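Undergrad: Just a sequence and a predicted model for now, questions to come.
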Amino acid sequence: MEGEEEVMDLKGAEETLPESEALSRAVIEHSPVGISIRDRDGVLLLVNEAWKKIWAMSDADIREEDARNTGRTIVERYSYLGDGARDAERMFAPEGGVSILYVPELEIKEPRPGAARWVSQYFYALRDGEGRMEKVVTLTQDITERKRLEEHVLHLQKMEAIGRLSGGVAHDFNNILQSIMGYAEMALLKVPEDDPLRKYLEGIEKAVDRAAALTCQLLTFSRKQVFQPVVIDFNEIVRDSEEMLRRLIGEDVEIVTRLDPEAGWVKVDPIQIEQVVMNLAVNARDAMPKGGRLTLETAPVELNPAFIRSHPGLAPGPHVMLTVTDTGCGMDAETLSHIFEPFFTTKEKGKGTGLGLSTVYGIVRQSGGGIEVQSAPGKGARFKIYFPREEEDMEALASASAPTELPKGRETILLAEDDDVLRDLTQEVLSAYGYTVVEAENGEAALRLFTEHPGPVHLLITDVVMPKMNGPDLARKLAPLHPELKVIFISGYPDEATFSHGLKPEGPAFLQKPFKTDVLLCKVREVLDGPNGIGGPIPTGRELHPFIIGQDVTVE
């Protein structure tokens, strides 16, 4: 393109052209595929609107690009093809070359900075009767979104594989933890209060609790966790997270906690709320590469109707508010509008999954809470999370309802557990508290022992995943033989794989390993004294959405 010569404008040309040519130009102009025609020197003769959109170029940009490439051959102009340029050399040969070249996938970083994208391109050389090339027609299709979708699918497949692997490891690991916890508790029952050994046994208990929590935290990124809400002092969750945060964040970030003693009690899954804190802390650390300050605060708040009108999804009334503030780089309005979307990340490729904040949002929503964000470029970020507050005096209620001694019984229990050590331990615990236990190493053995047992069986305690016959299948086979049989399912799988057999993760008939001896004994008594329950429907909770407040906020 030289001087004032323009790329051919297709718009309006139809009025002055023969009908067939006008139709052809209309088809080219309105095609969703980018179409360009170059002469033998590589100069653009024609482009349609789709081509301009794909390359983010105006007519002025095209003239500037062509002027910058003056003197370059057509092969040089297509140097962005990389290895495909060798094929282009044959196609763009002045005489006797091939006529067609197809490049199915190509990552483009030229000719315009910032226009990096994935495209597929189809080249067709127009030659005269003697084989001399006259023009090159190029069809370009933007496949960037398709490539992104493929990457997301591959990522999901990778996460699924990691989840399956880690779920299997966690099952065995949780069985081991269950055994360690059980034997430590049994030993504590036989050690006097003033015995120096008690502190070591109590230390083992605490270590098991931390190991179990760590397992769940690691698995949250790859698998959906079982939601097990309990009523707990919210400050306790934040305090439990603080030590791990200090190891996770590093010494260049100062961690400040301001926990209001009147913050209150909430009904949440403590492990998942710890994961919320961890994810927000990691996000804050990445926003402060040169160090800074991370502040965690709790406070009781009353959400009034005016607040609720601007924050749909929350209900008015008392709440506990967690505020996580950083002094990092902050976010602009565009970033704020996407931060809770799965796979959205501002980090470099390979340095972030884009799942951290979407995990936070999912957990908060599942817990019946809401979340809002305040941030601006260069002014840090502040996340405020609201959870409904339990208004009763929960501390006094827990103290009043705590049993003075663990419940006992005289019923017969059929125990199906494929882990030998864990089965022996569970049998020992139940027998110590008055129950008659019939042990089975798998579902098939349990079914046989049930039919052979001379007396009544009142309760089935079964692992969910076992060889030969799993727990749910065992329960279904026993139901016609004894419709009134009570059932408790136990499992070391901390994800939805446990419930692929139709079970529900809430209700009186499920225990997640590792569990404490008192939890087992209370659950046994609860099920024996109440209606049989394989689990009720999972409550969906209120449909909440994140609240994005893109106002300027200076982090003090």
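TA: Ah, there it is.
Undergrad: which residues of the stretch 351-500 of the chain fall in strands?
TA: Here the stretch 351-500 of the chain has its strands, by DSSP state E, counting those that start in this stretch, at 370-375, 381-390, 412-416, 436-440, 459-463, 486-491.
Undergrad: Show the average pLDDT along whichever strand or helix holds residue 118.
TA: According to DSSP states H and E, residue 118 maps onto strand 117-127. Strand 117-127 shows a mean pLDDT of 84.
Undergrad: just stretch 69-80 next, same as before
TA: 70.
Undergrad: related to what we said a few turns ago, C-terminal to the strand holding residue 118, what's the next element?
TA: Next along from strand 117-127, by DSSP H and E: strand 133-142.
Undergrad: how about the helices in the stretch 1-150 of the chain?
TA: Ranges of helices in the stretch 1-150 of the chain, per DSSP state H, counting those that start in this stretch, are 19-30, 49-55, 59-68, 74-77, 85-91, 144-190.
Undergrad: Take the strands of the stretch 351-500 of the chain and lay them out in TSV including mean pLDDT.
TA: Converted to TSV, the strands of the stretch 351-500 of the chain look like this (pLDDT from 0 to 100):
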stretch	mean pLDDT
strand 370-375	87
strand 381-390	91
strand 412-416	95
strand 436-440	95
strand 459-463	93
strand 486-491	88
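Undergrad: right, so of the ones you listed, which gets closest to residue 299?
TA: Closest to residue 299 of those, according to Cβ to Cβ: strand 381-390, at 9.9 Å. Yep, even glycine has a C-beta here, placed from its N, CA and C like the rest.
Undergrad: Tell me the helices and strands packed up against the closest one.
TA: Judged by 3 or more Cβ pairs under 8 Å, 6 or more residues apart in numbering; DSSP states H and E, strand 381-390 is in contact with strand 265-268, helix 270-286, strand 292-303, strand 317-326, strand 370-375.
Undergrad: angle of it against strand 317-326?
TA: Put simply, strand 381-390 runs at 150 degrees to strand 317-326, going by axes from the mean of the first three to the mean of the last three Cα atoms, to 10 degrees.
Undergrad: i'd like the first residue to be 51 from this point on
TA: Will do, 51 is the new start, and the previous item becomes strand 431-440.
Undergrad: Strand 431-440: how far from the chain's middle?
TA: Centroid separation for strand 431-440 versus its chain: 20 Å, with Cα atoms, centre = their mean, to the nearest Å.
Undergrad: From the chain's centroid, how far away is stretch 117-124?
TA: 49 Å.
Undergrad: Can you redo the strands of the stretch 401-550 of the chain as CSV, where the extra columns are mean neighbour count and distance to residue 345?
TA: Formatted as CSV, these follow (neighbours: other Cβ atoms under 10 Å; distance: least, Cβ to Cβ, whole Å):
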stretch, mean neighbour count, distance to residue 345
strand 420-425, 23, 13
strand 431-440, 22, 9
strand 462-466, 23, 49
strand 486-490, 18, 52
strand 509-513, 25, 44
strand 536-541, 24, 38
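Undergrad: As TSV, the ones you listed with distance to residue 87 would be great.
TA: Putting the strands of the stretch 401-550 of the chain into TSV (distance: least, Cβ to Cβ, whole Å) gives the following:
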stretch	distance to residue 87
strand 420-425	48
strand 431-440	50
strand 462-466	74
strand 486-490	78
strand 509-513	69
strand 536-541	65
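Undergrad: So for residue 314, which of these sits nearest?
TA: Nearest of the strands of the stretch 401-550 of the chain (Cβ to Cβ): strand 431-440, 4.5 Å.
Undergrad: export the closest one as CSV, just CAs?
TA: Taking Å, rounded to 0.1, in the frame of the first residue of the first chain, the C-alpha atoms of strand 431-440 are listed here in CSV:
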residue,chain,number,x,y,z
ALA,A,431,-8.4,-4.7,49.3
ARG,A,432,-10.9,-5.4,52.0
PHE,A,433,-13.1,-8.5,52.1
LYS,A,434,-16.1,-8.4,54.5
ILE,A,435,-17.9,-11.7,55.1
TYR,A,436,-21.1,-12.0,57.0
PHE,A,437,-22.4,-15.2,58.8
PRO,A,438,-25.8,-15.5,60.6
ARG,A,439,-25.2,-15.3,64.3
GLU,A,440,-26.5,-17.9,66.8
